[in-house]
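Visitor: 3D model of this:
(chains A and B)
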Number of protein chains: 2
Amino acid sequence: MSRRLAAVLVLLLLSCSSSRDGLGNPGQPSRAADESSLLERARLLSSLALNEGQSHEMLSELTRVAPARLSGTPAADRAVEWAEASMKRLGLKNVRRERVMVPRWIRGDVASCSMILRDSEEELDIAALGGSIATPEEGISGEVLMVRSFEELRRKASRAEGKIIFFNRPMPRALLNTFLAYRDAVPQRSSGAAEAGRVGGSFALVRSMTTRIDDNPHTGAMSYEDGVPMVPTAAISTADANRLAALITAGRNPVLRIRLDCQSMPDVESANVVGDLPGSSIPEEIVLIGGHLDSWDLGAGAHDDGAGCVHSLEAVRLIQAAGLRPRRTIRVVLFMNEENGLRGGRAYARDHAQELFRHVAAIESDSGGFLPRGFSCNASGARAEAIREIVDELDPLGMGAYIPGGGGADIAPMGPAGVTLLGMVTVSHRYFDYHHSAIDNMDAVNERELALGAAAMAYMASALADANLPPEN
Amino acid sequence: MSRRLAAVLVLLLLSCSSSRDGLGNPGQPSRAADESSLLERARLLSSLALNEGQSHEMLSELTRVAPARLSGTPAADRAVEWAEASMKRLGLKNVRRERVMVPRWIRGDVASCSMILRDSEEELDIAALGGSIATPEEGISGEVLMVRSFEELRRKASRAEGKIIFFNRPMPRALLNTFLAYRDAVPQRSSGAAEAGRVGGSFALVRSMTTRIDDNPHTGAMSYEDGVPMVPTAAISTADANRLAALITAGRNPVLRIRLDCQSMPDVESANVVGDLPGSSIPEEIVLIGGHLDSWDLGAGAHDDGAGCVHSLEAVRLIQAAGLRPRRTIRVVLFMNEENGLRGGRAYARDHAQELFRHVAAIESDSGGFLPRGFSCNASGARAEAIREIVDELDPLGMGAYIPGGGGADIAPMGPAGVTLLGMVTVSHRYFDYHHSAIDNMDAVNERELALGAAAMAYMASALADANLPPEN
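Guide: Below you'll find the model as predicted:
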């Protein structure tokens, strides 16, 4: 009751200080949030998040305690501990680790690329892709075959033998949604090594996945194909990719000498971390929210996906601070190993197979701590319409975009069981500046944008936990 | 004709690479931009801006050549030269400097604030406010009277004599639009010195205008009042404001010793820089676009308002690159002295008084190089409706907000003559992190967000230059 009172007071205070703003609503009587309209709920949660939010502080802590928390590393273990402690501090119930075996890939100490011309030699900025094998200790040397697509590589297969294959297709900059631009170019990273190995290449060097031109190589996952020779693979910064491409185009034929000493080790034990905010009247039904706890190892993983983790943790804090008592249980799951294996997402769907029918929806935040724009959702028919109406209420706050689509990698394995999947959609222009690189750190995160993501998650989770949702049809 | 052809090719290429994106439009035939719908025009301009935009490069150049270009400084002179050269390079006609006399305020070398407690002394981060007088050379020392409003100061006037008045009202963080939060708190900065002087205070120390808690003091304009004793005034960083407030609240009564050696000099000559893209069929009618060339002197003025300047310059470049030939003249005006005098804006309205009736509209960009959300506009009646329809076309690109309101400080003096005023509206969450501080530099600018602002300006300028607009009623 005191929490409800506090919530009412906050609303009243805000309505005094605001006029033509998305928040505050002068002249309107205020009610406790769980009796009020969805729009009032959204405004209250946003106000609380902006005014006294803890997401920035939580993310600072996570990135300080466990930066570069790649699956199977001590940093990932510390992240698991941090998640468990945070959930307990926030009053979640039945906080637990759920065991997951994860791959352990070690970057090593050496990642060098010398570009040798007739009269000069210089170092290029590269980073091994996650999962790559090492080069021989003396490195791999060779001329470069530059291509922009797998089709082009196949056409030029006769010239590929022994060459370093340089995949140089940029993410198309003109697309407003950078995730679509990523989708266009990322097969070079995930399958470049296999394609290079197939045509007899010695190495797969991949242009970094960003539209920005700078010196930061961006790592990421790749996989080998059975029956295809394994070649090592690395990302090259966009600035160096442009430099290399210009030389090749000018016919100067540089030779590269590349060394990597990364290696894959046996799987090790790790965990998803799970905690519940029990529902007030239908506790057996679950709305799952979450992000992934692991990150790549070059930066601190602030946006990817520390932001998604704190969105989810802060969401349950905000829901409680607002005096809301959602009918269904809201379960926070911080998944392990999204980046290089998806073992956590697969394990959750497998280990909870018997209760997935009680999972009303799952919402993932894995698009960074940027301004939320709305939600993607895989529902159809009347269920989609009902969820669209809930999202629409966020329109006056600029977060009301409803986008048919998937939810996120970690929750995708629950899809076949009929769980409705949602993903937080953010303004994506800056995301790939940082993604998987050494600059995905706290200074790239704006406190207000991060806070509003948590508010959007709190709104969506609590609204779905309260809603009468029609079945899929 | 070759430009039109290029524009068509760009549209065709884009439509091949895009599916569920705001840009590109698969399956639709493409036409040259000036024969096409407004939405197609917006898409083309956005694509060009993202794909091959020059706004980031231009802003890098301006902030490198002329950082800290406060009115009356050599840096401001270099900015004028840069603006003139840039306009000529972009093919504008009748490029000229229009003379403006501007104030010259010199920050000086000393800005220190020692906080003295019984057993310790530490330095706080302050910066003189623009226009402040100096302290005596030995500084001003005294106890602190902390207030959160002018009303509170007046109530406590009897305790103000000889005190350092500390205005500590924070910008209200819960407001979604940070410009409204700024408006709430900024009178402390602009009038704090006068209010402090009125009650016998010795100094006005003002909490910096930002919602972020950090160590950067944020400067800005202030003015004295005739007949009120002049006291020096400075901004204190939010982190130090919080520290100081905590000590005061705890009853520890620190003494401050503050030194400033700033001074005001006689006015000096400077200039607005003006250039025209002549209209194709109604060249005598003008759509004015612009920003302000001067900046504060702590940082490079990247967002405030280098961004607005390059939005305007890049807009005319994009319009030409898209093969558009707007009917009316688009005039770029880069105003001098917005920050501490508004002399440029006033001079333009005065010197062009006889032709303001031929100014169909004026659009200012002075909200930073962040993602554009839409436009504010002071029109009413049928004219407002016609402009709203033009803005609405930007909705699929997420820039379609139409907000009744003003345009910007520099163009406001044209308002009484009946010129329709518009202002670019951006996502404001990060703006005040940088505003008027030492960190308003290029690394705070995202290339894509900046580019889209230029596209929005190009769209709005060209659409207004082509539109049949009803008169105000």
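
Visitor: Near chain B, which residues of the stretch 251-400 of chain A are found?
Guide: Proximity of the stretch 251-400 of chain A to chain B (CB under 8 Å from any CB of the partner chain) is limited to residues A:371, A:373, A:397-398. Bear in mind the C-beta positions are built from the backbone N, C-alpha and C, glycine included.

Visitor: Just say helix, strand or coil for residue A:144.
Guide: Put simply, residue A:144 is strand when judged by DSSP: H, G, I helix; E, B strand; the rest coil.

Visitor: tally of neighbours for it?
Guide: Using other CB atoms under 10 Å in any protein chain shown, residue A:144 is surrounded by 20 other residues.

Visitor: That one touches residue A:168, doesn't it?
Guide: No - contact criterion CB atoms under 8 Å: residue A:144 and residue A:168 do not qualify, at 9.7 Å.

Visitor: tell me, what's touching the two both at once?
Guide: residue A:244 (CB atoms under 8 Å, 6 or more residues apart in numbering or on different chains).

Visitor: among the helices and strands of chain A, which has the poorest mean pLDDT?
Guide: helix A:2-17 (a mean of 45; mean pLDDT, DSSP states H and E).

Visitor: which strands and helices sit next to the next helix or strand after that helix?
Guide: Per DSSP states H and E, the first helix or strand lying C-terminal to helix A:2-17 is helix A:38-52. The contact analysis (3 or more CB pairs under 8 Å, 6 or more residues apart in numbering or on different chains; DSSP states H and E) places helix A:38-52 against helix A:2-17, helix A:307-321, helix A:447-466.

Visitor: list the buried ones in helix A:38-52?
Guide: A:38-51 (16 or more other CB atoms under 10 Å in any protein chain shown).

Visitor: Check stretch A:361-378 too.
Guide: Buried, per 16+ other CB under 10 Å, within stretch A:361-378: A:361-378.

Visitor: what does stretch A:257-268 give?
Guide: The neighbour-count check on stretch A:257-268 (16+ other CB under 10 Å) flags A:257-262, A:264 as buried.

Visitor: Specify which member of these is nearest to chain B.
Guide: Taking CB to the nearest CB as the measure, residue A:258 is the one of these closest to chain B, at 29.3 Å.

Visitor: Among the buried residues of stretch A:257-268, pick out the one closest to residue B:283, please.
Guide: Nearest to residue B:283 among those is residue A:258, at 59.2 Å by CB to CB.

Visitor: Make sure that closest one is indeed in a strand.
Guide: Yes - assessed with three-state DSSP, residue A:258 lies in a strand.

Visitor: Okay, and the beta partners of it?
Guide: Taking DSSP bridges as the rule, residue A:258 bridges to residue A:113, residue A:140.

Visitor: Likewise for the one 5 residues further on?
Guide: For residue A:263, the beta-bridge partners are residue A:106 (DSSP bridges).

Visitor: I figured it hits residue A:133, correct?
Guide: Yes - Residue A:263 lies in contact with residue A:133 (CB under 8 Å); the separation is 7.4 Å.

Visitor: contacting residues around residue A:161?
Guide: Residues counted as contacts of residue A:161 (CB under 8 Å, 6+ apart) are A:199-201.

Visitor: Nearest to residue A:309 among those?
Guide: The closest of the contacts of residue A:161, once distances to residue A:309 are taken by CB to CB, is residue A:201, at 38.2 Å.

Visitor: where does residue A:270 fall, phi/psi-wise?
Guide: With angles defined as degrees, to the nearest 10, residue A:270 sits at phi -150, psi -160.

Visitor: and it, how many neighbours does it have?
Guide: Applying other CB under 10 Å, we find 26 other residues in the vicinity of residue A:270.

Visitor: What distance do you get for residue A:38 to chain B?
Guide: Using CB to the nearest CB, to the nearest Å, one obtains 17 Å as the distance from residue A:38 to chain B.

Visitor: no no, residue A:102
Guide: 33 Å.

Visitor: Repeat that for residue A:148.
Guide: 13 Å.

Visitor: Look up the closest residue to that residue, ignoring the ones flanking it.
Guide: Nearest non-adjacent residue to residue A:148, counting by CB to CB, 6 or more residues apart in numbering or on different chains: residue A:169, 4.3 Å away.

Visitor: now do residue A:336
Guide: residue A:344 (3.9 Å).

Visitor: now residue A:255
Guide: What sits nearest to residue A:255 in space, not counting adjacent residues and going by CB to CB, 6+ apart, is residue A:116, at 4.6 Å.

Visitor: And the contacts of the helix or strand harbouring the one you found?
Guide: Here residue A:116 sits within strand A:111-117, counting by DSSP H and E. With CB under 8 Å, 6+ apart as the test, strand A:111-117 has contacts from A:121-128, A:139, A:205, A:234, A:236, A:244, A:247, A:252, A:254-262.

Visitor: So which of those residues sit within helices?
Guide: A:244, A:247 (DSSP state H).

Visitor: List only buried entries from the contacts of strand A:111-117.
Guide: Buried among the contacts of strand A:111-117 by 16+ other CB under 10 Å: A:124-128, A:139, A:205, A:234, A:236, A:244, A:247, A:254, A:256-262.

Visitor: And the residue nearest the centre of chain A, what's its pLDDT?
Guide: Nearest residue to the geometric centre of chain A (CA atoms, centre = their mean): residue A:366, 3.0 Å. We have a pLDDT of 98 for residue A:366.

Visitor: Surely it is in contact with residue A:304?
Guide: Yes - Residue A:366 lies in contact with residue A:304 (CB under 8 Å); the separation is 7.2 Å.

Visitor: ok, residue A:342 - contacts?
Guide: Residue A:342 neighbours (CB under 8 Å, 6+ apart): A:409-410, A:413.

Visitor: give me phi/psi at it?
Guide: phi 60, psi 30.

Visitor: Then the one 10 residues further on?
Guide: For residue A:352, the backbone dihedrals are phi -110, psi 20 (criterion: degrees, to the nearest 10).

Visitor: Then residue A:292?
Guide: phi -110, psi 140.

Visitor: can you check residue A:322 too?
Guide: phi -80, psi 0.

Visitor: how near is it to residue A:42?
Guide: 10 Å (CB to CB, to the nearest Å).

Visitor: any idea how chain A splits into domains?
Guide: A:2-102+A:267-466, A:108-261 (automatic domain parsing).

Visitor: what's the most buried one of those?
Guide: domain A:2-102+A:267-466 (a mean of 22; mean count of other CB atoms under 10 Å in any protein chain shown).

Visitor: surely residue A:450 meets residue A:307?
Guide: Yes - Residue A:450 is within contact range of residue A:307, at 6.1 Å (criterion: CB under 8 Å).

Visitor: Give the intersection of the neighbour lists for those two.
Guide: Jointly contacting residue A:450 and residue A:307 under the rule CB under 8 Å, 6+ apart are A:59, A:369.

Visitor: Next to chain B, which bits of the stretch 51-200 of chain A? Give me the list.
Guide: Residues of the stretch 51-200 of chain A that fall close to chain B, judged by CB under 8 Å from any CB: A:51, A:172-178, A:180, A:184.

Visitor: could you dump these to JSON lines with pLDDT and secondary structure?
Guide: Listed next are those as JSON lines, based on pLDDT from 0 to 100; DSSP: H, G, I helix; E, B strand; the rest coil:
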{"residue": "A:51", "pLDDT": "97", "secondary structure": "helix"}
{"residue": "A:172", "pLDDT": "97", "secondary structure": "coil"}
{"residue": "A:173", "pLDDT": "97", "secondary structure": "coil"}
{"residue": "A:174", "pLDDT": "97", "secondary structure": "coil"}
{"residue": "A:175", "pLDDT": "96", "secondary structure": "coil"}
{"residue": "A:176", "pLDDT": "95", "secondary structure": "coil"}
{"residue": "A:177", "pLDDT": "96", "secondary structure": "coil"}
{"residue": "A:178", "pLDDT": "97", "secondary structure": "helix"}
{"residue": "A:180", "pLDDT": "97", "secondary structure": "helix"}
{"residue": "A:184", "pLDDT": "97", "secondary structure": "helix"}
